[in-house]
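*Asks:* Got a sequence here, can you build the structure:
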Amino acid sequence: MQTISLKSNSPDIVIPLLKNALDREKRILMETLIITREKIAKMAESLDVDVNKLLKGEVEHTEANDMQLIELEGEIEISRHIEAELKELESVEICK
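*Replies:* Numbers count the residues shown, from 1 in each chain. Next up is the predicted model:
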């Protein structure tokens, strides 16, 4: 883990602001992740698709479902990206 230094004339004010900003961003990401996961579940159910099989390439793309499967795969990728961002934010430690 690397250290990032910030300079401030008012660290007693800035540190709580930074902590609040990080907490707010984590909450936003968690809420977004919940919404994305719900959307994935609804889409998978609507398409009658097992997400794990889709990710393994075991689901046939037909002319009728191709765009919907691509959209589902996109939502899964968005979910992964949000999870990675959240993991990084959860590892941040603000030191005084």
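*Asks:* what mean pLDDT does whatever helix or strand Ile82 lives in have?
*Replies:* Element membership for Ile82 (DSSP states H and E) is helix 66-90. The average pLDDT within helix 66-90 is 96.
*Asks:* Buried residues in that helix, which are they?
*Replies:* Within helix 66-90, the residues that qualify as buried are Leu69, Leu72, Glu73, Glu75, Ile76, Ser79, Ile82, Leu86, counting by 16 or more other CB atoms under 10 Å. Using the backbone N, CA and C atoms, a C-beta is placed for each residue, glycine as well.
*Asks:* now, among these, which is nearest to Cys95?
*Replies:* Leu86 (21.0 Å; CB to CB).
*Asks:* Contact partners for the closest one?
*Replies:* Residues in contact with Leu86 (CB atoms under 8 Å, 6 or more residues apart in numbering) are Lys26, Leu29, Met30, Leu33.
*Asks:* Mind putting those into CSV with pLDDT, secondary structure and distance to Lys56?
*Replies:* Output for the contacts of Leu86, formatted as CSV (pLDDT from 0 to 100; DSSP: H, G, I helix; E, B strand; the rest coil; distance: CB to CB, whole Å):
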residue, pLDDT, secondary structure, distance to Lys56
Lys26, 97, helix, 31
Leu29, 98, helix, 27
Met30, 98, helix, 28
Leu33, 97, helix, 22
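*Asks:* ok, of the residues you listed, which come out buried?
*Replies:* Applying 16+ other CB under 10 Å to the contacts of Leu86 flags Leu29, Leu33 as buried.
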